[in-house]
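Chemist: okay, sequence plus prediction incoming.
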Amino acid sequence: MDIEKNDIDLTKLFRWEGEVTIRDQFGDDVGIVYIRLVGDKSINRARVYGLRQSAELRDKLRDKESAEHKAYILELGTADRDRLIAGVKLLQLIELSGEARKNVLTKLPPEPDSDAPLEEHEEYQKKVDEFPENFGNLVEKELKKLLKAEEKRLDKMSTDEVYKEYWDMTIDFLCQEEMNRGFLDMNVYQGTYKDAKYRKRLFKSFDDFEDAASELKSQLRDGYQEVELGMSELKKLREATPSPQPGISQEETGE
């Protein structure tokens, strides 16, 4: 019997779900909770919450009398120049690592034209096959070069200028971390349920979630991100799937 279109619940095709086994401090299983990635409305709610948390922290970090400022921000009078430069370089490490990877990837050999001689395609494939083995070393070498250039740039700056850069970057980094934490926590709260039918949330309120034990929240965060990772990996697999028609790109087939 044919399935009528109206019999298909299309929303279920776009729900990403998973189970998380909760363990106590001794590593024993104590129960199962159910996680479902939240939809656009809930994501927006989480984003707004994260932005508010980030803005609140930014105000505290800029207030030299606040506990947050005293805990996280070095004062110009108590930090020497070398320590400030080291701090700036450390804060730039993620960005520079991404730039290094990007620079190395651009060094991949160009693919021959489809009508190029077979030997050219063979040589190209050999270089591509060897590339992953050398990729890590190439990225490390490129990162060292970028860090060296950054050192030269900072050496030309006055101590006050270095401190201003350290101040701005530290605050931005901490606020981004706070934004990410708030965004994830709100999503975890909204997407965690007691039952497999996703009708009863695990926590009655977000305050209840925040008051929960750190170990429990950590396990729930990991569980939510694992479900997210599963969706991301499937997307990558789909994007990497070649066109079913040899010689025709996905763009040409409309996929």
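Modeler: Arrived safely, thanks for sending.

Chemist: A100: how many residues sit nearby?
Modeler: By other C-beta atoms under 10 Å, 20 other residues sit near A100. C-betas here are computed from N, CA, C, even on glycine.

Chemist: quick one: it from K64, how far?
Modeler: To K64, A100 is 35 Å away according to C-beta to C-beta, to the nearest Å.

Chemist: same question for E151.
Modeler: In terms of C-beta to C-beta, E151 sits 29 Å off from K64.

Chemist: more neighbours: which of those two?
Modeler: E151 (13 against 9).

Chemist: quick check: longest helix of this structure.
Modeler: Using DSSP state H, we find that the single longest helix of the chain is helix 118-155.

Chemist: what's downstream of it, the next helix or strand?
Modeler: Once the chain leaves helix 118-155, the next helix or strand it forms, by DSSP states H and E, is helix 159-191.

Chemist: for the helix or strand just after that following helix, packing partners?
Modeler: Downstream of helix 159-191, the next assigned helix or strand under DSSP H and E is strand 192-193. Contacts defined by 3 or more C-beta pairs under 8 Å, 6 or more residues apart in numbering; DSSP states H and E place strand 192-193 against strand 29-36, helix 214-240.

Chemist: which of these is buried the deepest?
Modeler: strand 29-36 (a mean of 15; mean count of other C-beta atoms under 10 Å).

Chemist: need the nearest residue in space to the one residue sitting closest to the centre of the chain, chain neighbours excluded.
Modeler: Central residue of the chain (C-alpha atoms, centre = their mean): N180, 8.8 Å from the mean position. Leaving aside its sequence neighbours, N180 sits nearest to G50 (C-beta to C-beta, 6 or more residues apart in numbering; 7.1 Å).
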